[in-house]
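In: Got a sequence here, can you build the structure:
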Amino acid sequence: MAEQTSQGAQTAEQLAAFNQAEHSAEKGTSVHQRLLVIGDGPNDFGHETELDAATYQTLSVLHKHNFDTVYLNNNPFSFAMENPCGATVIMGDPENAAMVRQVIESEHITSIVPVVGGLTAMRTVEELIAHDYLDEKHINVLGMPLTTVRLINNPALMNQAFRELGEPVITSTVASTTSDAFDIARQVGFPVIV
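Out: Reported below is the predicted structural model:
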C-alpha cells in the first residue's frame with residue numbers, strides 16, 4: 001500500500017510540475033487546466049483500496065497546487081469520494097466510456113489522470129484512444145505515455161516489451177481443451193494456473 005500511495009504522490013507532483021511548465025510556456029497567460037481523475041470503481045469487499053489511498057493523496061496535492069479537479073468514481077466505500085480535497089465529485093461509472101465522454105464535455109476537461117484508477121481507468125482511456133476521442137477533443141493523458149496505457153491493456157504486448165528488454169516473463173498459453181491444458185502443463189512445468 002505504501003508503494004502505491006507513494007506512486008500517487010509522485011504522480012501528483014509530476015502534474016504540479018506540468019502545470020508550472022504550462023504556465024511558464026504561455027509567458028504569463030493563464031491556461032485553465034481542468035483535470036479528470038478517473039477512479040477504480042467498486043470492489044467486492046466493501047472497503048477502500050490502495051488505489052483509493054493513492055487517489056486521495058493525488059487529489060490533495062492537486063488541490064495544493066490549485067488545479068481545478070473532477071473526480072469520477074462509483075465506489076461507495078471510497079475514502080477519496082468522502083474527502084475529495086476540493087475536487088468536484090461525480091458519482092458515475094469509470095468503466096463506461098460514454099459516461100467519461102459526458103463528464104469530459106460537461107465539465108470542460110483539458111487533461112485526464114488515469115494512473116490512480118488502476119486497470120479500470122486504463123481500459124477506459126484505451127477505449128477513448130482507440131476511437132480517437134482524446135485527439136479530437138485535445139485531451140492530454142497525464143502520468144504516463146499513451147504507449148504505456150496500451151501495454152498495460154495488452155498482456156501479449158507487455159510480455160513482448162519485457163522480452164525485448166531482457167526481462168523475465170511468465171509463460172502463458174491458451175488451452176481450448178482439458179487435454180491441451182495437460183499438454184501445456186507438461187511442457188511448461190509446475191506450478192501452473194489454468
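
In: contacts and neighbour counts: CA atoms only from here.
Out: Will do.

In: sec struct for the residue nearest to Val89 when sequence neighbours are not counted, please.
Out: Spatial nearest neighbour of Val89, chain neighbours left out: Tyr71 (4.9 Å); criterion: C-alpha to C-alpha, 6 or more residues apart in numbering. Three-state assignment for Tyr71 (DSSP: H, G, I helix; E, B strand; the rest coil): strand.

In: next one: the one 5 residues further on
Out: Under three-state DSSP, the three-state class of Pro76 is coil.

In: returning to that earlier point: in the sheet, who's paired with the residue nearest to Val89?
Out: Val37, Val89 (DSSP bridges).

In: residues touching it, list them.
Out: 36-39, 81, 84, 87-90 (C-alpha atoms under 8 Å, 6 or more residues apart in numbering).

In: burial measure for the residue lying closest to Pro168 once chain neighbours are set aside, as a count.
Out: Nearest non-adjacent residue to Pro168, counting by C-alpha to C-alpha, 6+ apart: Phe162, 6.9 Å away. Other residues within reach of Phe162, judged by other C-alpha atoms under 10 Å, total 13.

In: State the distance from Phe162 to Glu126.
Out: From Phe162 across to Glu126, the span is 20 Å (C-alpha to C-alpha, to the nearest Å).

In: pretty sure Leu35 is touching Phe67, no?
Out: Yes. At 7.2 Å, Leu35 and Phe67 qualify as touching, with contact defined as C-alpha atoms under 8 Å.

In: which of the two has more neighbours?
Out: Just comparing Leu35 and Phe67: by other C-alpha under 10 Å the higher neighbour count belongs to Leu35, 26 against 20.

In: Who are the contact partners of the residue nearest the centre of the chain?
Out: Taking C-alpha atoms, centre = their mean, the centroid of the chain lies closest to Pro114, which sits 2.7 Å from it. Each residue near Pro114 by C-alpha under 8 Å, 6+ apart is listed here: 37-39, 121-122, 125, 141-143.

In: For Ala156, state which of the residues you listed is nearest.
Out: Met122 (16.0 Å; C-alpha to C-alpha).

In: okay, now Glu164: neighbour count?
Out: Residues near Glu164, counting by other C-alpha under 10 Å: 10.

In: related to what we said a few turns ago, gap between the residue nearest to the centre of the chain and Leu142?
Out: Counting by C-alpha to C-alpha, the separation of Pro114 from Leu142 is 7 Å.

In: Check Ser106 too.
Out: 20 Å.

In: go on, Glu167?
Out: Distance from Glu167 to Leu142, by C-alpha to C-alpha: 26 Å.

In: for Gly117, same thing?
Out: 13 Å.

In: neighbour-wise, which of these two wins?
Out: A direct count of neighbours by other C-alpha under 10 Å for Gly117 and Leu142 places Gly117 higher, at 24 against 20.

In: Brilliant, that's me finished.
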